[in-house]
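Chemist: model this:
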Amino acid sequence: MTPENILPEALLESIRGRAAGYDRDNTFFFEDLEELAAAGYLKLFVPASDGGMGLGLETAAQCQRRLATAAPATALAINMHLVWTGVAHVLAARGDASLEFVLQEAARGEIFAFGNSEAGNDAVLFDSTTAATPLPGGGYSFTGTKIFTSLSPAWTRLGIFGKDAHARAGEGELVHGFIGRDTPDYAILDDWDTLGMRASQSNTTVLDGVEVGPDRIFRKLPVGPNADPLIFAIFACFESLLAAVYTGIGERALVLGVEAVKRRTSFKNAGRSYAQDPDIRRKVAEAAMAMDSLYPHLLAVTRDVDALAEHGPLWFPRLVGLKVHATETARRVVDLAIRVSGGSSYFSGSELERLYRDVLAGMFHPSDDESAHNTVANAWLGPLAD
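Modeler: As a prediction, the model looks like this:
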């Protein structure tokens, strides 16, 4: 199946038609979610034998790129469900069935969200400020605060992790598990009032002793970087699908910029089209060339994940490099599109104005620019000396 088959133009236009209203009212995309679920979109990674589409990361990323051209905030939030189902798919392809239940539950209509981000935790997946306290029988109690929990109004399964500080002879252990919507002792704060990506409703989630049974604990890892396949799978899906969303934003901005240039005329030059202005033409060309370098980058990385390519220690630099390339390129292209579109794009309600706000979120997703450059430098030059 192709992205065009999965997201036909009529569905895409229906979603695009609601994006401005969700943004203006700071509301969740319930109608989009309903239509996408009905189209089977939440089952991109679910095996065909279980009623899904059985796709790999390459096609899923192209679908997310296409969805983001219509509604970036919807695509960004849907990413979180696709990250978990994608992680289960990537692990299964490598012989690890530990998250097979995620694909089975997604096949039954469960919606997964990502509850790992924590304020001030720049170690990301390699440490946690959330306390994971062992319970009799093998379960854990989690206490902590998770931020940027996309899909907050709709998720039915939330992946979380925390640290058992006393495990592994006091070195600590990171414990990963899932809670359900009906699990007690957590709260979702109504605090998502942001510059952009408003429809994602990525509210703060407070865990106050929320208990996860042993059957929902799926990984225990040492604190710090490690080679567990789960870490690779999360990075591969998270970074690639993020890159896909921002690639879609850049793609849409370029289209809008070109349309605006073709409409605009110069009063000073007797109604001459701005499409004939050399400075404008250069900016459009710059934006197009930037996007032309991004499309094959996204394809190459996601194709390698699907093909089980072996890049060894260069895998993580490739993944974080893709994310930074996509978010920074999209930001530059949106800026160029606004520059060639004129003052109308500065007004509230303009699609480019919304894209300008949405694209800024790219700098906050892990891996951020500083972390990504450090990862790449370490891979090529080795770590900094003590």
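Chemist: most centrally placed residue in this structure?
Modeler: For the chain, the residue nearest the mean C-alpha position is Leu242 (3.7 Å; C-alpha atoms, centre = their mean).
Chemist: Assign a three-state SS to that one, would you?
Modeler: Assigned state for Leu242: helix (three-state reduction, DSSP: H, G, I helix; E, B strand; the rest coil).
Chemist: residues in contact with it?
Modeler: Leu242 makes contacts with Leu76, Asn79, Lys323, Ala326, Thr327, Gly362, His365, as judged by C-beta atoms under 8 Å, 6 or more residues apart in numbering. Every C-beta, even on glycine, is put in place using the N, C-alpha and C of the backbone.
Chemist: Go again with 10 Å.
Modeler: Residues in contact with Leu242 (C-beta atoms under 10 Å, 6 or more residues apart in numbering) are 61, 64, 75-76, 79, 83, 319, 322-323, 326-327, 361-362, 365-367.
Chemist: Okay, helices next: where are they in this structure?
Modeler: Under the criterion DSSP state H, helices of the chain are mapped to 3-6, 9-25, 30-38, 57-70, 72-93, 100-107, 229-263, 278-306, 315-341, 351-359, 369-381.
Chemist: Show me what the worst-scoring helix or strand of the chain on mean pLDDT packs onto, helices and strands only.
Modeler: Among the helices and strands of the chain, strand 265-266 carries the lowest confidence by mean pLDDT, DSSP states H and E, at a mean of 76. The helices and strands touching strand 265-266, judged by 3 or more C-beta pairs under 10 Å, 6 or more residues apart in numbering; DSSP states H and E, are strand 272-273.
Chemist: what's in contact with the strand it packs on?
Modeler: Contacts of strand 272-273 (C-beta under 10 Å, 6+ apart): Val261, Lys262, Arg263, Arg264, Thr265, Ser266, Ile280.
Chemist: phi, psi of the residue of the chain most remote from its centre?
Modeler: With C-alpha atoms, centre = their mean as the measure, the chain has its most outlying C-alpha, relative to the mean C-alpha position, at Ala270: 46.5 Å. Backbone torsions for Ala270, taken as degrees, to the nearest 10, come to phi 60, psi 40.
Chemist: buried stuff in stretch 357-369?
Modeler: By 16 or more other C-beta atoms under 10 Å, the buried positions in stretch 357-369 come out as Arg357, Asp358, Val359, Leu360, Ala361, Gly362, His365, Pro366, Ser367, Asp368.
Chemist: now stretch 117-124
Modeler: Residues of stretch 117-124 classed as buried: Ser117, Glu118, Asn121, Val124 (neighbour count, 16+ other C-beta under 10 Å).
Chemist: so who does the first one touch?
Modeler: The contact partners of Ser117, by C-beta under 10 Å, 6+ apart, come to 124-125, 145-150, 202, 204-205, 364-366.
Chemist: Could you rank those residues by neighbour count and give me the top one?
Modeler: Ranked by neighbour count (other C-beta atoms under 10 Å), the contacts of Ser117 have Lys146 at the top, with 29 neighbours.
Chemist: okay but it is in contact with Gly115, surely?
Modeler: Yes: look at Lys146 against Gly115 with C-beta atoms under 10 Å: they come within range, at 4.5 Å.
Chemist: okay, and the common contacts of these two?
Modeler: Each of Thr130, Leu158, Gly159, Ile160, Phe161, Tyr186, Thr205, Leu207 lies in contact with both Lys146 and Gly115 under the rule C-beta under 10 Å, 6+ apart.
Chemist: between those, which is nearest Glu110?
Modeler: Nearest to Glu110, judged by C-beta to C-beta, of these is Leu158 at 10.7 Å.
Chemist: burial of the closest one, as a residue count?
Modeler: By other C-beta under 10 Å, 28 other residues sit near Leu158.
Chemist: Let me know which of the helices of the chain is the nearest to Gly180.
Modeler: Closest to Gly180 of the helices of the chain, according to C-beta to C-beta: helix 100-107, at 9.8 Å.
Chemist: can you list the residues that contact that closest one?
Modeler: Helix 100-107 is contacted from outside by 42-47, 49-52, 81-82, 84-89, 91-92, 97, 110-112, 156-157, 159, 178, 180, 215-216, 218, using C-beta under 10 Å, 6+ apart.
Chemist: Let's see the pLDDT reported for Lys268.
Modeler: Lys268 carries a pLDDT score of 77 in this model.
Chemist: Same check on Ser344?
Modeler: The model reports Ser344 with a pLDDT of 89.
Chemist: So it versus Phe218, what's the distance?
Modeler: 50 Å (C-beta to C-beta, to the nearest Å).
Chemist: These two: which is more packed in?
Modeler: Phe218 (18 against 13).
Chemist: What does the pLDDT read for Ala167?
Modeler: Looking at Ala167, its pLDDT is 97.
Chemist: roughly how far apart are it and Ala372?
Modeler: Counting by C-beta to C-beta - Ala167 and Ala372 are separated by 30 Å.
Chemist: Over to Phe45?
Modeler: Spatial separation of Phe45 from Ala372 under the definition C-beta to C-beta is 25 Å.
Chemist: Point out where this protein drops to low pLDDT.
Modeler: 267 (pLDDT under 70).
Chemist: what domains does the record give for it?
Modeler: 3-111, 113-222, 229-381 (automatic domain parsing).
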